[in-house]
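>>> Curious how this folds, go ahead:
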Amino acid sequence: MRALLPLLASLLLAACGLSPMYGGGAGGSLAAGLAAVEVPAIPGQGGWLVKNALDARLGLSGDDVPRYRLDVRLDDSLEALGVLNDDTITRERRILRARYQLIDLASGAVLLDATAGADAGIDVVSSEYATIAAEQKALENLALEVADRIATQVALTLRAEARGGR
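Take a look at the predicted model:
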């Protein structure tokens with residue numbers, strides 16, 4: 001009976017249509033689609049960090065011809081949260097939001113129009129250098145998180161596009 005349970009579970013799983021996102025590895029259709037996404041320059045330091053993270057996740061190389069363009073606009077803000085009676089700030093919140101569109105270069109169609117965002121809390125300490133370093137590290141971490149969310153949504157969109165195009 002115990003030997004039949006894994007077999008039954010695998011048959012049920014196969015019947016539900018579940019398939020791996022990156023089936024076929026680096027040579028699969030999704031990897032090829034992701035490698036064909038061009039990310040133009042994004043203004044600002046946060047934009048530079050997000051673009052580099054997206055380039056690393058999507059894998060566009062110099063010899064790939066882009067079929068898609070990913071336009072990204074960032075909104076980076078820093079809010080004071082903990083304010084004492086003497087107007088001293090004790091806590092900040094850094095927010096990084098991205099509005100992005102995936103555009104098919106052949107047809108000009110917008111395949112994806114979405115937003116992604118993340119935020120981080122920062123303790124403001126007596127050392128201004130330490131506070132600036134914490135704000136910088138928060139921006140670096142938020143850029144990676146936003147890039148991950150964008151790359152995941154782009155991958156899901158391209159996978160759905162490949163299935164719909166069959």
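>>> pLDDT wise, what is D87 at?
On the pLDDT scale, D87 is placed at 77.
>>> Which of the three states applies to it?
Put simply, D87 is coil when judged by DSSP: H, G, I helix; E, B strand; the rest coil.
>>> So the closest residue to L139 other than its chain neighbours versus V146, what's the distance?
Leaving aside its chain neighbours, L139 sits nearest to G46 (5.6 Å; criterion: CB to CB, 6 or more residues apart in numbering). Using the backbone N, CA and C atoms, a C-beta is placed for each residue, glycine as well. Separation of G46 from V146 (CB to CB, to the nearest Å): 9 Å.
>>> And the helices in this structure?
4-15, 29-35, 44-58, 128-164 (DSSP state H).
>>> Can you point out the buried residues in the longest one?
In this case it means helix 128-164. 131, 134, 138-139, 142-147, 149-151, 153-155, 157-159 (16 or more other CB atoms under 10 Å).
>>> Could you tell me the angle between that helix and helix 44-58?
Here the directions of helix 128-164 and helix 44-58 differ by 40 degrees (axes from the mean of the first three to the mean of the last three CA atoms, to 10 degrees).
>>> where in the protein is pLDDT low?
In the predicted model, the chain carries pLDDT under 70 at residues 1-2, 7-8, 10-33, 60-64, 165-166.
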